[in-house]
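>>> one predicted model, sequence on top.
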Amino acid sequence: MKILIFPDAEAAARETARRIVAQLVAKPDAVLGLATGGTMEPVYAALAAAVARGDCDGRRFTSFNLDEYVGLAGDHPQSYRHYMNRHLFDAIGLPAAQARLPRGDAPDPAEEARRYEAEIAAEGGIDLQLLGIGANGHIGFNEPTSSLASRTRIKTLTRGTVEANRRFFGPDEQVPSLAITIGIGTILESREALLLATGGAKAEAVAAMVEGPLSAACPASALQMHPRATVICDEEAAARLQLRDYYETVHPGGTEPAITAPKGLERTRT
Ligand code: PGA
């Protein structure tokens with residue numbers, strides 16, 4: 001895993017957006033895996049601004065979102081479909097057929113999950129998977145004890161997750177307790193994974209993901225098995241990392257310096 005630490009949430013989000021733009025420049029018709037949540041809002045604002053400037057093409061990629069609440073139709077203001085339209089898709093004009101999410105109001109949610117998994121495979125899999133992390137270590141809605149080999153399916157949300165999401169709902173609105181989520185096995189098959197974590201509430205989960213044991217108790221720790229995973233965090237989210245000095249030596253200021261042989265190790269000839 002590459003661990004990149006930035007001074008604040010804004011810089012971390014900017015770097016995340018920069019990497020998505022770089023992916024779209026390299027491959028305009030890439031398949032992106034996208035995430036929702038408060039953490040991603042500045043990322044999508046920066047990405048939409050980059051598309052508006054003409055830095056990359058925002059109409060050729062295909063995206064698959066990680067998850068959707070079971071029971072919410074796409075026009076429900078708290079559905080993730082609605083979130084994505086509002087924060088990204090409408091702004092960049094991504095054709096609807098390329099902006100994929102599971103249907104929360106599908107008559108048979110289990111079948112919808114299977115269909116969604118097959119759709120990802122039919123597009124050739126995900127080139128760049130964007131991820132947030134829950135305070136409990138979830139990725140997508142893969143809650144603790146999710147199988148690390150899981151595929152897209154229905155998950156019951158933990159009480160903590162339901163409470164964390166309550167802030168997005170009105171006082172009289174019921175928060176859904178089930179979601180369709182891409183599986184951890186599906187996430188591990190992405191060609192590149194990019195996880196953004198900001199704020200002190202994520203510090204414990206980030207430490208467990210990066211330095212804890214590979215364990216279903218922290219689903220994000222599965223990324224230790226991903227061949228190309230990058231974690232971008234701000235100072236606050238990095239606060240509990242034990243090997244922080246090491247990450248900052250390898251990636252000073254969140255950069256990726258070219259690797260060159262250190263000077264002074266050459267054998268002197270006599
Ligand atoms: P958040 O959600 O960005 O709203 O904190 C992240 C998540 O639960 O994956």
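On my side now, so go ahead.
>>> outside of the lengthiest helix in the chain, which residues touch it?
The single longest helix within the chain, with elements called by DSSP state H, is helix 9-26. Outside helix 9-26, the residues within contact range by CB atoms under 8 Å, 6 or more residues apart in numbering are 4, 6, 30, 32, 39, 42-44, 46-47, 50, 55-58, 60-61, 127-128, 130, 192, 194, 196, 198-199, 230, 232-234, 236-237, 254. Just so you know, the C-beta spots here come from the backbone N, C-alpha and C atoms, and that holds for glycine as well.
>>> stretch 29-37 too?
By CB under 8 Å, 6+ apart, stretch 29-37 touches 20, 23-24, 40, 60-67, 80, 83-84, 88, 120, 123-132, 140, 182, 187, 190.
>>> 7 Å - rerun?
23-24, 60-66, 80, 83-84, 123-132, 190 (CB atoms under 7 Å, 6 or more residues apart in numbering).
>>> how about the helices in this protein?
Going by DSSP H, the chain shows helices at 9-26, 41-53, 80-84, 90-92, 109-122, 159-165, 184-188, 203-211, 244-250.
>>> what sits against Pro213?
So Pro213 contacts Ser221 (CB under 7 Å, 6+ apart).
>>> any idea of the pLDDT on it?
Listed pLDDT for Pro213 reads 98.
>>> returning to what we had before: how about the helices of the chain, which one is nearest Pro219?
Checking the helices of the chain against Pro219 by CB to CB gives helix 184-188 as the closest, at 5.9 Å.
>>> looking at this structure, which residue is nearest the ligand?
Gly37 (2.7 Å; CB to the nearest ligand atom).
>>> about what we covered before: could you check the angle the longest helix of the chain makes with helix 41-53?
40 degrees (axes from the mean of the first three to the mean of the last three CA atoms, to 10 degrees).
>>> list the buried residues of helix 9-26.
9, 11-17, 19-21, 23-24 (16 or more other CB atoms under 10 Å).
>>> any idea how far Leu131 is from the residue of the chain closest to the ligand?
Distance, Gly37 to Leu131, using CB to CB, to the nearest Å: 10 Å.
>>> can you tell me how far Cys218 is from Ala203?
13 Å.
>>> neighbour count: the two, which is higher?
Using other CB atoms under 10 Å as the criterion, Cys218 and Ala203 rank with Cys218 on top: 25 against 19.
>>> got a list of what that one touches?
Contacts of Cys218 by CB under 7 Å, 6+ apart are 137, 144, 205, 208-209, 212.
>>> so what's the gap between the longest helix of the chain and the chain middle?
Computed by CA atoms, centre = their mean, to the nearest Å, the separation of helix 9-26 from the middle of its chain amounts to 12 Å.
>>> do the same with stretch 112-126
17 Å.
>>> cool, stretch 48-68 as well?
14 Å.
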